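1. my questions are about this predicted structure, shown below with the sequence.
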Amino acid sequence: MNNMQKTYVPAENRYDEMTYNRCGRSGVLLPKISLGIWHNFGGVDVYENYRSILWYAFDHGITHIDAANNYGPPYGSAEANLGRILSTDFKAYRDELFISSKAGYDMWPGPYGNWGSRKYLLSSLDQSLKRMNLEYVDVFYSHRPDPNTPLEETMGALDAAVRQGKALYAGISNYPHELTRKASQILRQMGTPCLIHQARYSMFDRWVEGGLLDVLEEEGIGCIVFSPLAQGLLTNKYLNGIPEGSRAAKANTHLDSSAVTPEKVAKARKLNELALQRGQSLAQMALAWLLKDRRVTSVLVGASSVNQLQDNLKTLNRTDFTEEELKAIEQILAE
Ligand SMILES: NC(=O)c1ccc[n+]([C@@H]2O[C@H](COP(=O)([O-])OP(=O)(O)OC[C@H]3O[C@@H](n4cnc5c(N)ncnc54)[C@H](OP(=O)(O)O)[C@@H]3O)[C@@H](O)[C@H]2O)c1
């Protein structure tokens with residue numbers, strides 16, 4: 001019998017191995033490893049494969065699934081595919097799941113399908129809820145700052161989403177640190193504190209260390225890190241070239257093959273040696289390196305197979321680093 005015909009029964013021991021971090025100064029606990037559906041869950045992808053990934057995630061305590069309106073391709077299809085699984089396999093488990101969505105990038109044509117207006121955010125959220133067969137999302141994010149819309153309007157839309165019961169919490173993504181502080185203050189005044197900031201962070205991209213993490217700590221906002229594996233560059237995937245079927249080899253992804261530079265590969269090879277000495281894969285060491293910072297609530301990974309998720313979850317077996325290891329990592333990254 002293949003997966004399509006099977007009935008999903010979640011593992012009874014699904015909470016035994018995952019550990020959870022408090023999200024900022026809120027009541028919410030998030031798994032140290034969360035799953036995103038940006039790639040591999042769209043209309044172009046294989047149902048049985050992403051269904052197995054979602055099952056594996058939930059069976060291992062990954063309660064948090066991150067979506068956005070335009071994930072696919074085509075736009076909307078990742079939410080629709082997730083919705084199908086939420087309303088069948090996961091129907092009885094909505095209260096054990098923490099689902100997010102976002103709006104902020106291009107979604108539909110015309111002046112109301114992009115950026116940060118109240119008009120766009122609230123109609124997009126309605127569309128996301130329909131696609132996912134949900135009454136509410138746990139977090140609704142402004143996906144990026146909009147330089148041409150007053151911050152009060154964008155934050156007001158998040159506040160309205162929460163007051164309408166369509167989202168339980170508000171979040172922001174890709175906001176630089178000073179704007180994050182302002183957004184947080186506006187939301188607090190409105191009575192809807194900002195729960196979480198979603199930011200790109202990895203050994204290869206450390207912009208959040210230049211002020212954002214400090215602001216998040218001061219404001220009591222959690223930090224969920226996206227592309228923690230630099231879309232696969234911080235795994236063993238590209239150590240010997242660009243494999244067929246990988247994100248860098250595919251069309252319509254945000255990882256161009258030109259991003260797999262000899263410099264990045266040389267660093268990844270050295271990091272890989274260090275990881276092996278620690279008894280870890282490079283992916284596991286890259287995730288552990290992020291989780292060592294107590295301001296990082298969760299790392300939001302992508303996966304194109306159950307095996308990758310399995311590999312990534314083993315990170316939790318070793319998240320500590322010696323001073324020497326940390327110094328060696330800094331040295332490799334600085335070379
Ligand atoms: N807020 C935002 O603006 C924003 C932007 C981007 C992403 N996100 C969120 O963050 C999530 C994660 O982003 P991401 O997919 O870029 O994260 P990532 O974890 O850095 O990259 C995931 C990719 O790395 C490869 N991979 C993962 N684990 C592996 C392993 N153990 N061994 C070998 N290769 C492995 C796979 O590539 P292959 O497909 O090549 O196998 C996988 O698709 C997204 O799904 C989305 O929810 C948010």
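-> It's in.

2. helix, strand or coil: sort out the residue positioned nearest the centre of the chain for me.
-> Compute the mean C-alpha point of the chain, and by C-alpha atoms, centre = their mean the closest residue is L300, 3.4 Å away. Here L300 is recorded as strand under DSSP: H, G, I helix; E, B strand; the rest coil.

3. residue contacts, it?
-> L300 is in contact with S34, L35, G36, H64, D66, Q198, I224, V225, F226, P228, counting by C-beta atoms under 8 Å, 6 or more residues apart in numbering. In this view, the C-beta of every residue, glycine as well, is placed from N, C-alpha and C.

4. swap in A288?
-> The contact partners of A288, by C-beta under 8 Å, 6+ apart, come to Q280, T315, R318, T319, D320, F321.

5. for it, give me the pLDDT.
-> On the pLDDT scale, A288 is placed at 98.

6. relative to I65, how far out is it?
-> Per C-beta to C-beta, to the nearest Å, A288 is found 22 Å from I65.

7. what bridges to the residue nearest to the centre of the chain?
-> L300 forms beta bridges with S34, F226, as assigned by DSSP bridges.

8. for the protein, what spans make up the helices?
-> In the chain, the segments counted as helices under DSSP state H are 47-59, 77-86, 118-132, 151-163, 177-190, 212-219, 262-277, 282-291, 306-313, 323-334.

9. pLDDT wise, what is whatever residue of the stretch 1-150 of the chain ends up closest to the ligand at?
-> Per C-beta to the nearest ligand atom, G36 is where the stretch 1-150 of the chain lies closest to the ligand, at 2.2 Å. As predicted, G36 sits at a pLDDT of 98.

10. the one 4 residues further on too?
-> At N40 the predicted local distance difference test score is 97.

11. go on, N3?
-> pLDDT at N3 comes out at 55.

12. thought L35 was touching S298?
-> No. Using C-beta atoms under 8 Å, L35 is not in contact with S298, being 10.1 Å away.

13. ok, these two, which is more surrounded?
-> Set L35 next to S298 and count neighbours by other C-beta atoms under 10 Å: S298 wins out with 27 against 22.

14. once you drop chain neighbours, what's closest to V28?
-> Among residues not flanking V28 along the chain, L195 sits closest, at 6.5 Å (C-beta to C-beta, 6 or more residues apart in numbering).

15. look up how far the ligand lies from that neighbour.
-> 14 Å (C-beta to the nearest ligand atom, to the nearest Å).

16. pLDDT wise, what is that residue at?
-> 99.

17. do the same with the one 5 residues further on
-> For R200, the model assigns a pLDDT of 98.

18. quick one: neighbours of the residue nearest to V28, just the number.
-> For L195, using other C-beta under 10 Å, the count is 30.

19. cool, and the one 5 residues further on?
-> Residue neighbour count, defined by other C-beta under 10 Å, stands at 18 for R200.

20. go on, E217?
-> 16.

21. what does G43 give?
-> Per other C-beta under 10 Å, the neighbour tally for G43 reads 13.

22. so what pLDDT did the closest residue to it other than its chain neighbours get?
-> Nearest residue to G43 in three dimensions, chain neighbours excluded: S77, at 3.6 Å (C-beta to C-beta, 6+ apart). The per-residue pLDDT reported for S77 equals 98.

23. measure S77 to I53 for me?
-> Distance, S77 to I53, using C-beta to C-beta: 16 Å.

24. more neighbours: which of those two?
-> The neighbour count for S77 versus I53, taken as other C-beta under 10 Å, is higher for I53 (24 against 19).

25. need the residues of this structure near the ligand, please.
-> By C-beta under 6 Å from any ligand atom, the residues of the chain that approach the ligand are 36-40, 66, 143, 173-174, 198, 226-232, 235, 237, 246-247, 283, 300-304, 308, 311-312.

26. ok, now with 5 Å
-> By C-beta under 5 Å from any ligand atom, the residues of the chain that approach the ligand are 36, 38, 66, 173, 198, 226-227, 229, 231-232, 235, 237, 246-247, 283, 300-302, 304, 308, 311.

27. now the strands for the stretch 1-150 of the chain?
-> Secondary structure of the stretch 1-150 of the chain (DSSP state E, counting those that start in this stretch): strands at 20-22, 29-31, 33-36, 64-66, 98-103, 137-142.

28. show me what the first one is in contact with.
-> Going back to what we said before, that points to strand 20-22. With C-beta under 8 Å, 6+ apart, strand 20-22 has contacts from V28, L29, L30, P31, K32, G61, G222, V296, T297, S298.

29. how far does stretch 209-220 sit from its chain's centre?
-> 18 Å (C-alpha atoms, centre = their mean, to the nearest Å).

30. same check on stretch 35-54?
-> The answer for stretch 35-54 is 14 Å, by C-alpha atoms, centre = their mean.

31. and that stretch, how far apart are its ends?
-> 8 Å (C-alpha to C-alpha, to the nearest Å).

32. I'd guessed W289 sits against D320; true?
-> No. At 10.9 Å, W289 and D320 do not qualify as touching, with contact defined as C-beta under 8 Å.
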